[in-house]
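S.K.: Structure for the following, please:
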Amino acid sequence: MMRSFEPIVIPIAALLVSLLMFGIFITAAGADALGVFESMYRGAFGTWFSWQNTLVRAAPLMLTALCTALPARIGLIIIGGEGAVVVGGMTAALTGIVLTHASPIVVLTAMAFMGMTTGGLWIAAISALRHYRGVNETISSLLLNYIAIAIMNFLVFGPLRDPETLNKPSTYHIGEANMLTEMGSTSIHWGFGLGVIACVALWVLMRHTPFGFAVDIAGGNVRAAKLSGLPVTRLMIITSLLAGAAAGLAGMIEVAAVHGRANSSLNANYGYEGILVAFIARHNPLAIIPVAILFGGIRASSGLLQRDHDLPDASSLVLQGIIFIVILASETLYGRFSWLRAKEKTA
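M.R.: Take a look at the predicted model:
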């Protein structure tokens, strides 16, 4: 039996190379690379306050990463997490507004259900287009992101706009009583807990159930899966439905835990960053948790780079772009190092 360490060693090496390249970049820009890295660590993990900021930002990244990771296991490259977050957040906000006088537990449950349902159907439609019409899922999911944002802008600037939101047009507030609460005495909202639960639950589903085994077979060889009698179309749509539901839940959490209403803040690039998190985690739902925390830390530390080193706030986006390129390039390294595949002794 072979046990491969490549999924651990190669991504870590790619991250280190990315940091080296980013260090060269900021040095060329006139900044102290070691000082920048120290500030990033301090802003992300240096204090308990930093940890709380990091975990809050990691919550939506976990869920949007699942939106890419799950379809990828069946061979679909879907990058529509941003659109699913937006439509999920919009329908969740609308649900909260309609039920604003109901019990908070009823409101939050209904918001989560509607956000997950809308996000799930949004991504499932992409896989249906792929199967029934032969539309490339990567292109259609990217275009649907822009459609989702356009729909949100129409509703926020039009029929759902709260007249009191002058500087930043938004929907009406869902009500303070209906906001998602924080965990204990921390500033970490329960969205982080939901993200962890979703990752663990979907890891169990994909790794320890017949459904997950069937998805992996279909993702490895569609023709063999069809010859084996597996319902590939059904597997594809259900997997996409689960993926979209995760991203839709991320949109609901952003509304219920952070903003209290839907506005342009829903379009915060969590869906696009989730793609990077999913690729680094090798589409493993369990590995998404630490990778999302790492990228949540990068987000949390971006303000310090601007304040302490006079670097643009977008410097963290440069780092993410470098990581994405290096991670894609590192895909060519798998299978080239036999020493990373150690044999396990069997009795």
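S.K.: Make sure Ile268 is actually in contact with Glu254.
M.R.: No, residue 268 isn't Ile; it's Ala. Yes: counting by CB atoms under 8 Å, Ala268 touches Glu254, with 7.5 Å between them. (Glycine included, C-beta is placed from N, CA and C.)
S.K.: what touches both of the two?
M.R.: Pro60 (CB atoms under 8 Å, 6 or more residues apart in numbering).
S.K.: who's in contact with Asn136?
M.R.: Counted by CB under 8 Å, 6+ apart, Asn136 has contacts Arg130.
S.K.: mind redoing it with 10 Å?
M.R.: Residues in contact with Asn136 (CB atoms under 10 Å, 6 or more residues apart in numbering) are 77, 126, 129-130, 142.
S.K.: Show the backbone phi and psi for it.
M.R.: Main-chain torsions, Asn136, degrees, to the nearest 10: phi -60, psi 130.
S.K.: which of Ala268 and Glu254 has more neighbours?
M.R.: Neighbour comparison, Ala268 and Glu254: the larger count goes to Glu254, with 28 against 18 (by other CB atoms under 10 Å).
S.K.: Mind telling me what element Ala198 is part of?
M.R.: Element membership of Ala198 [criterion: DSSP states H and E] is helix 190-207.
S.K.: for Ala92, same thing?
M.R.: Counting by DSSP H and E, Ala92 is part of helix 81-98.
S.K.: Just checking the distance from that helix to the centre of its chain.
M.R.: Distance of helix 81-98 from the chain centroid (CA atoms, centre = their mean, to the nearest Å) equals 16 Å.
S.K.: Just the buried residues of it, please?
M.R.: Neighbour-count burial for helix 81-98, counted by 16 or more other CB atoms under 10 Å, picks out 81-97.
S.K.: want to try CSV for the contacts of Asn136, with distance to Val215 and secondary structure as columns?
M.R.: Formatted as CSV, those follow (distance: CB to CB, whole Å; DSSP: H, G, I helix; E, B strand; the rest coil):
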residue, distance to Val215, secondary structure
Ile77, 15, coil
Ile126, 16, helix
Leu129, 19, helix
Arg130, 15, helix
Leu142, 23, helix
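S.K.: Would you reformat those residues as TSV and include distance to Ile217?
M.R.: Putting the contacts of Asn136 into TSV (distance: CB to CB, whole Å) gives the following:
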residue	distance to Ile217
Ile77	18
Ile126	22
Leu129	23
Arg130	18
Leu142	28
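S.K.: Could you identify which of those has the most neighbours?
M.R.: Ile126 leads the contacts of Asn136 on contacts (other CB under 10 Å) with 30 neighbours.
S.K.: Would you check how far apart that residue and Gly248 are?
M.R.: Distance of Ile126 to Gly248, given as CB to CB, to the nearest Å: 14 Å.
S.K.: joint contacts of those two?
M.R.: Contact criterion CB under 10 Å, 6+ apart; residues shared by Ile126 and Gly248: Ala84.
S.K.: can you give me how far whatever helix or strand Leu121 lives in is from the chain middle?
M.R.: Following DSSP H and E, one finds Leu121 within helix 104-133. Averaging C-alpha positions (CA atoms, centre = their mean) puts helix 104-133 15 Å from its chain's average.
S.K.: ok, back up a step: same question for the helix holding Ala198: list its buried residues.
M.R.: For helix 190-207, burial by neighbour count (16+ other CB under 10 Å) applies to 190-192, 194-196, 198-199, 202-203, 205-206.
S.K.: any idea of the angle that helix forms with helix 104-133?
M.R.: Counting by axes from the mean of the first three to the mean of the last three CA atoms, to 10 degrees, helix 190-207 lies at 40 degrees to helix 104-133.
S.K.: list the helices and strands the helix or strand following helix 190-207 packs on?
M.R.: Note on helix 190-207: by DSSP H and E, the next helix or strand toward the C-terminus is helix 210-220. On a contact count with 3 or more CB pairs under 10 Å, 6 or more residues apart in numbering; DSSP states H and E, helix 210-220 meets helix 48-73, helix 190-207, helix 222-227, helix 232-253.
S.K.: Point out the one among those helices that comes closest to Val291.
M.R.: Between Val291 and the helices and strands packed on helix 210-220, the tightest spacing by CB to CB is seen for helix 48-73, at 7.4 Å.
S.K.: Name the residues of that closest one that are buried.
M.R.: Neighbour counts over helix 48-73 (16+ other CB under 10 Å) mark 50-73 as buried.
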